[in-house]
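Undergrad: Please work out how this folds:
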Amino acid sequence: VNSYMYINEVVQVNNYDLEFYGSSSTTYYWKWDASADKVTINTPSSATVGFDMLQGSILVRDSGVINLGTSSDLQMTHNGTNSVITSATGDLTIDNTNTTGSTIVQLGTDTSATDFQVQNNSGTAILTVAGDGTTTMTGNVALLDNDQLIVGTGSDMILVHNGTNTSITSATGDFTLDNT
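TA: Residues are numbered from 1 along each chain as shown. Model (predicted):
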């Protein structure tokens, strides 16, 4: 489908704003608001995109998509309820190159009402961390030789396998195996 925008006229309005109108259109296609230092683009589908130079922001209406890459390899959208980042090519990497900083995923509450999930392709949560700190997972935990499973604030119990032998160390209190 070939679509062209024909500029019939350029209208100068207050504060030297510029508005460009298409052929037989009463809605501008492109507007520069000089007082706000903001550019707004209207597309035929009414999916307005705005560029706010003062705030340094791009404004996209709900369900509009920001596409990055020649084949729209990375997409970002918000449908009015949920926000989605989709990577269609290669790995999606969040890289914190600050040598002293943390990479933080911050949840909306400190309760189980919000959580962070890692899901498989069929949408099943395989790791869930709730806002209250409760963590659940499905599947196995695989530790390599000499990696330790440490339990307790003061490393109260340690489970380790060195490739040949397995040891469980209880550094605090009694170690009880109970089959009741």
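
Undergrad: how close does L92 sit to I66?
TA: With distances taken as C-beta to C-beta, to the nearest Å, L92 is found 15 Å from I66. Just so you know, the C-beta spots here come from the backbone N, C-alpha and C atoms, and that holds for glycine as well.

Undergrad: neighbour-wise, which of these two wins?
TA: Ranked by neighbour count (other C-beta atoms under 10 Å), L92 and I66 place I66 first, with 14 against 10.

Undergrad: show me the contacts for the spatially closest residue to L74 that is not a sequence neighbour.
TA: Leaving aside its sequence neighbours, L74 sits nearest to L68 (C-beta to C-beta, 6 or more residues apart in numbering; 4.2 Å). Taking C-beta atoms under 8 Å, 6 or more residues apart in numbering, we find L68 in contact with L74, Q75, M76.

Undergrad: which residues are contacting the helix or strand harbouring the second one?
TA: Secondary structure assignment for Q75, by DSSP states H and E: strand 74-78. The set of residues external to strand 74-78 that reach it, using C-beta under 8 Å, 6+ apart, is 60, 62-68, 83-89, 92.

Undergrad: same check, this time on stretch 84-102
TA: Stretch 84-102 is contacted from outside by G69, S71, S72, D73, L74, Q75, M76, T77, H78, T103, using C-beta under 8 Å, 6+ apart.

Undergrad: Give me the secondary structure label for the third one.
TA: What it means is S72. At S72 the chain is in coil, as set by DSSP: H, G, I helix; E, B strand; the rest coil.

Undergrad: what do you get for the last one?
TA: Of the three states, T103 takes coil according to three-state DSSP.
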